[in-house]
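Student: everything below, folded, please.
(one chain, ligands or ions: 1)
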Amino acid sequence: MAKILFINPVVREEDVPRHIPYGIALLAAIAMKEGHLVQVYDANAHRLPLDTIIEVCQADDWDAICIGGLTTTYNYIKKACKLIKESAPNAQLIAGGGFLTSMPHEIFEWIPEIDVGCIGESFVTFPEVLKKIDNKDVNYSDVLGVIHRDLTGKSFLTNIRPNIKDLDTLPWPAWHLFPLDIYFANSSNLFSEESFTSKRRMDINGSFGCGLTCKYCWHLGTTGDMLVEENDNGENDVVFTYGRNIRYHSADYIVSMVKHLHNEYDIDFAAFIDENLMTMDVASKGTWLKELCKKWIEAGLQPTCRQQGIPHDENCKGVHWNGTSHAGLHRPETLKLMYEAGCTHLVYGLESFDPTVLRNLGKGSNARKNKQSIATCLASGIKPIPNIIIGFPEESFESVRNTIEALVELGITAKPHFATAYPGSEWYYAYKDSIMEQYNQDLEAYIMDLGDASKITATISHEFSPMQLLGLQQIVYLKDLRLLDLSEQHWAPVQEKLTPVIQPKMSFNLKTVKEAGPLAS
Ligand code: SF4
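Tutor: Okay, here's the model as predicted:
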């Protein structure tokens, strides 16, 4: 058996630690099931000085040290890998997660300390890598779904690892390895009264991926959206597609997991981190969420406030929950059941109210559905949490006006996020050249800049510069149509004479076809 250390990188330094890393906890459970000895250093929870890693790495004779996360953790991971290799040179350094899958060859070039990386879904790949390490065999060329190096340090990507077929074969995450009290202390959030008063919230995951194709979104192989193909240089590289292997846990799996969390850790709130609950429900022909709600109630998890039809207060027992929804796919009867079972709020990625922006986005919604969704959700008793974006490629004064007018009509105030091309998304590949231009051809500098999601990084708007987008963000937040009109009077005639700020291009790493990656039989 191998002795393994997982390091959970610091994410969103400007905020407190709120989320036990579901993926790491799941891989830790898989490794333990295979008989390996597992420890976790949760740097994100503890927020200790970076060089604490040295002590942790020298605390035992680790066979493997594992690190991973989304692109927003890149800064920390890069610095951590240097310290890990210096302080534990004999341990194999394994990386995984979105930051690596989206751009494996670049990451291997920028972080030379990584020995091997799991690409896409790691549930089968990771234990195979550990088995090799256990057998003192560090030639990974026969393991599917990895990136590894030859003796010169050159990176090689093996063929794709099929997605597992049945998610219910996965063990529950190893939550006990994490400092839960730190996370429980940060349970509260402002989205609903029940979530604000939560004292013991934990995240759960019911599904992988989403059937839709929003151009800013990425699934990184977890939803059958990834292939591995030879590029022009004859090297294997990742290719992202519109292909899908839709998979979700059974209602029984989810409910028994939440029941366990309630009994063992006394949780009062379960936050679904699924990409989109409603798209999974549609894939199940509208049966999944209904069954989940029914079984949630039968298992005694329904909060007493919902059971008795009384206001929520500190005496409420049971487990409230939240998730993500979709303006065009939610159904009033399902929302009603979700409310009864304890759902408090649903995040709606409305993004915009402009017909052109929405038509090009791939979200499968329109301005009318976006407007109606707020009232439909509110009517069920669940609070809708709308998400708004500005800076779309086709953003114009008219599209911003459409969004502000809808916000005024609906009585919503929202500070919009900036459209950002995260690696793995369609936007990233279409605008990569423009992004490089904006960062003086230094792609790594762009990746390092993505740590703070509220910041403006590379713009992908064809018309607006960063300066204009910063102003427009404030104008949308204030819903100030007078300022928008004034800005248009000043800028529109100038913009007519200028060439577009940004131009899209095709890329090897993106195939806009419904070709799915393999699914295990
Ligand atoms: S609906 Fe949400 S999860 Fe699905 S592709 Fe769009 S942004 Fe991604």
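Student: could you find the closest non-adjacent residue to the residue of the stretch 351-500 of the chain found nearest the ligand?
Tutor: The nearest approach of the stretch 351-500 of the chain to the ligand comes at residue 363, 5.4 Å away (Cβ to the nearest ligand atom). The way it works is simple: take the backbone N, C-alpha and C, and place the C-beta from them, glycine included. By the measure of Cβ to Cβ, 6 or more residues apart in numbering, the closest residue to residue 363 outside its immediate chain neighbours is residue 214, 5.0 Å from it.
Student: which residue ranges form the helices in the stretch 301-450 of the chain?
Tutor: Secondary structure of the stretch 301-450 of the chain by DSSP state H, counting those that start in this stretch: the helices cover 304-308, 332-341, 355-361, 367-380, 397-410, 426-430, 432-438, 443-449.
Student: export those helices to CSV and tack on distance to residue 89?
Tutor: Conversion of those to CSV gives the following (distance: least, Cβ to Cβ, whole Å):
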stretch, distance to residue 89
helix 304-308, 55
helix 332-341, 52
helix 355-361, 47
helix 367-380, 54
helix 397-410, 53
helix 426-430, 34
helix 432-438, 34
helix 443-449, 24
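Student: quickly compare those and say which is most buried.
Tutor: Neighbour counts (mean count of other Cβ atoms under 10 Å) averaged over each of the helices of the stretch 301-450 of the chain peak at helix 426-430, with a mean of 23.
Student: quick one: average pLDDT of that helix?
Tutor: Here helix 426-430 scores 95 as its mean pLDDT.
Student: and stretch 318-327, by the same measure?
Tutor: pLDDT averaged over stretch 318-327 gives 98.
Student: got it, and stretch 496-506?
Tutor: 74.
Student: ditto for stretch 361-371
Tutor: pLDDT averaged over stretch 361-371 gives 95.
Student: out of the helices of the stretch 301-450 of the chain, nearest to residue 274?
Tutor: The closest of the helices of the stretch 301-450 of the chain to residue 274 is helix 332-341. By Cβ to Cβ, the value is 13.2 Å.
Student: quick check: mean pLDDT across the closest one?
Tutor: Helix 332-341 comes out at a mean pLDDT of 98.
Student: same question for stretch 401-411.
Tutor: Rounded mean pLDDT across stretch 401-411 is 97.
Student: CA-only coordinates of it in PDB, if you can.
Tutor: Taking C-alpha atoms only, stretch 401-411 is exported to PDB below (Å, rounded to 0.1, in the frame of the first residue of the first chain):
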ATOM      1  CA  ARG A 401     -30.000  48.300 -22.400                       C
ATOM      2  CA  ASN A 402     -32.100  45.200 -22.800                       C
ATOM      3  CA  THR A 403     -30.600  43.700 -19.600                       C
ATOM      4  CA  ILE A 404     -31.000  46.900 -17.600                       C
ATOM      5  CA  GLU A 405     -34.700  47.300 -18.700                       C
ATOM      6  CA  ALA A 406     -35.400  43.700 -17.700                       C
ATOM      7  CA  LEU A 407     -33.700  44.100 -14.300                       C
ATOM      8  CA  VAL A 408     -35.800  47.300 -13.700                       C
ATOM      9  CA  GLU A 409     -39.000  45.400 -14.700                       C
ATOM     10  CA  LEU A 410     -38.200  42.500 -12.400                       C
ATOM     11  CA  GLY A 411     -37.000  44.700  -9.500                       C
END
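Student: run the chain-centre distance for that stretch.
Tutor: 28 Å (Cα atoms, centre = their mean, to the nearest Å).
Student: repeat for stretch 21-39
Tutor: Remark: stretch 21-39 is offset 20 Å from the chain centroid, using Cα atoms, centre = their mean.
Student: list the buried ones in it?
Tutor: 21, 23-32, 34, 36, 38 (16 or more other Cβ atoms under 10 Å).
Student: and those residues, which two are the farthest apart?
Tutor: Going by Cβ to Cβ, the pair spanning the buried residues of stretch 21-39 furthest: 21 and 34, at 19.5 Å.
Student: and the residue in the stretch 251-400 of the chain positioned nearest to the ligand, what's its pLDDT?
Tutor: In the stretch 251-400 of the chain, the residue that lies nearest the ligand is residue 275 (3.6 Å; Cβ to the nearest ligand atom). Looking at residue 275, its pLDDT reads 96.
Student: repeat for the one 3 residues further on
Tutor: At residue 278, the predicted lDDT confidence score is 97.
Student: please, which helix or strand holds it?
Tutor: In this structure, residue 278 sits in helix 277-283 according to DSSP states H and E.
Student: buried residues, the helix or strand just after that helix. List them.
Tutor: As assigned by DSSP H and E, the chain's next helix or strand after helix 277-283 is helix 288-298. By neighbour count on 16+ other Cβ under 10 Å, the buried set for helix 288-298 is 288, 289, 290, 291, 292, 293, 295, 296, 297.
Student: next: stretch 484-503.
Tutor: Across stretch 484-503, burial judged by 16+ other Cβ under 10 Å covers 484, 487, 488, 491, 495, 501, 502.
Student: rebuild the residues you listed as a markdown table, extending it with secondary structure.
Tutor: As requested, the buried residues of stretch 484-503 are arranged in a markdown table below (DSSP: H, G, I helix; E, B strand; the rest coil):
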| residue | secondary structure |
| --- | --- |
| 484 | helix |
| 487 | helix |
| 488 | helix |
| 491 | helix |
| 495 | helix |
| 501 | coil |
| 502 | coil |
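Student: and of these, the nearest to residue 412?
Tutor: For the buried residues of stretch 484-503, the nearest to residue 412 is residue 484 (16.7 Å; Cβ to Cβ).
Student: taking helix 397-410 as reference, get the angle to the helix or strand bottoming out on mean pLDDT in the chain.
Tutor: Among the helical and strand segments of the chain, the one scoring lowest on mean pLDDT, DSSP states H and E is helix 481-497, with a mean of 86. Here helix 481-497 runs at an angle of 160 degrees relative to helix 397-410 (axes from the mean of the first three to the mean of the last three Cα atoms, to 10 degrees).
Student: can I assume residue 210 is in contact with residue 224?
Tutor: No. Residue 210 is beyond contact range of residue 224, at 11.0 Å (criterion: Cβ atoms under 8 Å).
Student: ok, residue 43 - contacts?
Tutor: 7, 8, 9, 10, 52, 53, 76, 80 (Cβ atoms under 8 Å, 6 or more residues apart in numbering).
Student: again, only this time at 6 Å
Tutor: 8, 9, 10 (Cβ atoms under 6 Å, 6 or more residues apart in numbering).
Student: next, count neighbours for the residue in the stretch 1-150 of the chain that the ligand sits nearest to.
Tutor: Nearest residue of the stretch 1-150 of the chain to the ligand: residue 98, at 13.0 Å (Cβ to the nearest ligand atom). Using other Cβ atoms under 10 Å, residue 98 is surrounded by 24 other residues.
Student: over to residue 234?
Tutor: Count around residue 234 with other Cβ under 10 Å applied: 6.
Student: so what's the residue nearest to residue 423 when sequence neighbours are not counted up against?
Tutor: By the measure of Cβ to Cβ, 6+ apart, the closest residue to residue 423 outside its immediate chain neighbours is residue 102, 3.6 Å from it. Residue 102 makes contacts with 220, 423, 424, as judged by Cβ under 6 Å, 6+ apart.
Student: can I get those residues in a markdown table with distance to residue 68 and neighbour count?
Tutor: As requested, these are exported to a markdown table (distance: Cβ to Cβ, whole Å; neighbours: other Cβ atoms under 10 Å):
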| residue | distance to residue 68 | neighbour count |
| --- | --- | --- |
| 220 | 11 | 25 |
| 423 | 14 | 27 |
| 424 | 14 | 26 |
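Student: how about the nearest residue to residue 488, chain neighbours excluded?
Tutor: Here the residue nearest residue 488, using Cβ to Cβ, 6+ apart, is residue 397, at 4.2 Å.
Student: if anything else comes up later, I'll come back, but that's it for now.
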